[in-house]
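K.L.:
Kindly generate the corresponding structure for this input.
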Amino acid sequence: MAGILILAGIAFAAGGPWLLWAALVASAVGDLFLAGKPARWLLPGMGAFFLAHVFYVVLFWQLGEGGGWSWPVKIAQAALVLGGVFYIRWLVPWTPAKMRLPVILYGAVILMMGAAAIALPGAYWLVTAGALMFIASDSILAHQLFCRPADAPPQKLASYAVWFLYFFGQAAITLGLILPLS
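P.N.:
This is a model prediction of the structure:
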């Protein structure tokens, strides 16, 4: 959480778009919820991250205006969305009944965020890479939360991967958006 708040402060101080630092603050709130008992705080944490992704979708759409239409972009977007839909379809039966709709909605918004990031102009390649890292982090986390038996020992490599991909994904998004401002 502290690292993401630092990124939010950097984005704010550098004059980054308000949607960027708002997404980072919402992510830090999500981190705060997920640091508690996941059984109790997972839904509010997902809500905070959902809001962060909405901010990113709007921001990336604004930045991508006039980026042009190309087959490679559309193919990459289709691959991401189709792969994500298949993953969510596979994941849903593993999730508790009360979490199925939130998981589907969260999956939809994060795929929209990724598709919007893929459509960004080439100068924003770091932002695109960061968004894809964020998606990878959430995919691993979803598998850890819903597909592993509750009494299974923690998988340290998966936990490290989640945090590495999440933090450095957010850092890549932040740097990719504020470095052009300097």
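
K.L.:
rest of the way, CA atoms for contacts and neighbours
P.N.:
OK.

K.L.:
right, and the helix or strand after the helix or strand of the chain with the lowest mean pLDDT?
P.N.:
Lowest by mean pLDDT, DSSP states H and E among the helices and strands of the chain is helix 38-64, with a mean of 94. Per DSSP states H and E, the first helix or strand lying C-terminal to helix 38-64 is helix 71-91.

K.L.:
what sits against the most centrally placed residue in the chain?
P.N.:
Closest residue to the average C-alpha location of the chain: residue 134 at 4.1 Å, with CA atoms, centre = their mean. Contact analysis of residue 134 by CA atoms under 8 Å, 6 or more residues apart in numbering lists 165-166, 169-170.

K.L.:
mind checking the SS state of it?
P.N.:
In three-state terms, and counting by DSSP: H, G, I helix; E, B strand; the rest coil, residue 134 is helix.

K.L.:
Let me know the distance separating it from residue 69.
P.N.:
According to CA to CA, to the nearest Å, residue 134 stands 24 Å off from residue 69.

K.L.:
Then residue 104?
P.N.:
Between residue 104 and residue 69 the distance is 28 Å, computed by CA to CA.

K.L.:
the more surrounded of those two?
P.N.:
residue 104 (15 against 9; other CA atoms under 10 Å).

K.L.:
what about the more buried one, which SS state?
P.N.:
Under three-state DSSP, residue 104 comes out as helix.

K.L.:
same deal with the one 5 residues further on?
P.N.:
Each residue gets one of three states, and residue 109 gets helix by three-state DSSP.

K.L.:
Just the pLDDT at it, thanks.
P.N.:
Model confidence at residue 109, given as pLDDT, is 98.

K.L.:
so who does it touch?
P.N.:
Residue 109 neighbours (CA under 8 Å, 6+ apart): 50, 53-54.

K.L.:
how about the helix or strand hosting residue 19: buried residues?
P.N.:
Residue 19 belongs to helix 18-35 when assigned by DSSP H and E. For helix 18-35, the neighbour count (16 or more other CA atoms under 10 Å) marks 19-34 as buried.

K.L.:
What helices and strands are in contact with it?
P.N.:
helix 2-13, helix 38-64 (3 or more CA pairs under 8 Å, 6 or more residues apart in numbering; DSSP states H and E).
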